[in-house]
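In: Give me coordinates for this.
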Amino acid sequence: MINPTSVSKPGSDTAGHAEPRIVHRELVGRRGSALADASRAATDHLVFGKRTDPLSKRFRTTGMGAIDSVDGAEDRHRILETDLTPWRMICALRTRSPSGSMACGTGWLAGPRTIITAGHFVHHQGFHGGWAESIEVSAGRNGSACPFSQFTTTQFTAMDRWVADANPDFNIGCIQLDRPLGDLVGWFGVASLTLSELAAARVNIGGYPADRGDGAEQHFQANRVRNIGDRSISFDLDTVGAQSGAPVWIHRTPSAPPVVVAVHANSAGGTPFDLGIAADSAPRIIPETLDMIHTWIQQDISVVA
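Out: Purely as a prediction, here's the structure:
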């Protein structure tokens, strides 16, 4: 059994804030063995490539008290074809703290037994008192329907800098499964992209917002990258609590596979309100993050080998 402990890339900088050397590296995704019919929602809503036209932006206040960014031209779309790709690779999550408190969130498959989510979803001093007690996973959930079953796990970890000092640039966690769910539903590619590759990239985000179906309905938005930092990116997207951990992905062309470039963990309104986190960025996939995700995938595979 893998105990929920912090894990870091051997030799990585865990004391300072050294500027990362960003190079292009990529882990390849997989479609999965489940029915692979074309998704009309994917055809209608997914964006690809780049765009450079200015972004309009307005704001609203949610019933949870958080300020959300809402783009005037693009809004959220509910996904009903959650049994098809890429939607089925996105999971509705419910975490339970040792005290019994519950919170909703989002995760996504990065390997056969590996789900990536926000670090604060698995480890948070204020909400959990440290590590979560358990996490319920529902891949491609659509309201009360769970097309790929629903199960609970107690095996998870997070990047060491998040566990040590809640550094938002490292707000990334991992849920380890006892079954190869990814072989059935598939998993996302993951990439560390350079600044020029990310600049003006059109990004997609799918997750389970708390204000739509109480975290049980999948919704999608798209826009483009707005700002790029050494370890994070920001974008104008309409997000609310429980979308924490959602994949931020690109398609280089209409026929290209989905590739995650950031984890939606810190942006305004994107975290469960009870957790008390308010920020405006998402941890970017950089080489050391990619190495950590690759390590988690290999650990998950080796445990059952």
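In: which sections of the chain are below the confidence cut-off?
Out: 1-19, 54-74, 236-242, 267-281, 303-305 (pLDDT under 70).
In: Tell me where it has helices.
Out: In the chain, the segments counted as helices under DSSP state H are 40-45, 119-122, 160-165, 181-185, 195-198, 287-303.
In: hmm, who's touching the second one?
Out: In this case it means helix 119-122. 4, 93, 95, 103, 105, 107, 127, 131-132, 135, 156-159, 162-163, 166, 170-175, 244-245, 265, 271, 275, 277 (C-beta atoms under 8 Å, 6 or more residues apart in numbering). Placement of C-beta: from N, CA and C, glycine included.
In: about what we covered before: the helices of the chain into JSON lines, with extra columns for distance to P209 and mean neighbour count?
Out: Listed next are the helices of the chain as JSON lines, based on distance: least, C-beta to C-beta, whole Å; neighbours: other C-beta atoms under 10 Å:
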{"stretch": "helix 40-45", "distance to P209": "16", "mean neighbour count": "14"}
{"stretch": "helix 119-122", "distance to P209": "14", "mean neighbour count": "30"}
{"stretch": "helix 160-165", "distance to P209": "23", "mean neighbour count": "19"}
{"stretch": "helix 181-185", "distance to P209": "21", "mean neighbour count": "22"}
{"stretch": "helix 195-198", "distance to P209": "25", "mean neighbour count": "15"}
{"stretch": "helix 287-303", "distance to P209": "24", "mean neighbour count": "18"}
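In: export the ones you listed to JSON lines and tack on distance to L84?
Out: Output for the helices of the chain, formatted as JSON lines (distance: least, C-beta to C-beta, whole Å):
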{"stretch": "helix 40-45", "distance to L84": "7"}
{"stretch": "helix 119-122", "distance to L84": "25"}
{"stretch": "helix 160-165", "distance to L84": "33"}
{"stretch": "helix 181-185", "distance to L84": "10"}
{"stretch": "helix 195-198", "distance to L84": "27"}
{"stretch": "helix 287-303", "distance to L84": "24"}
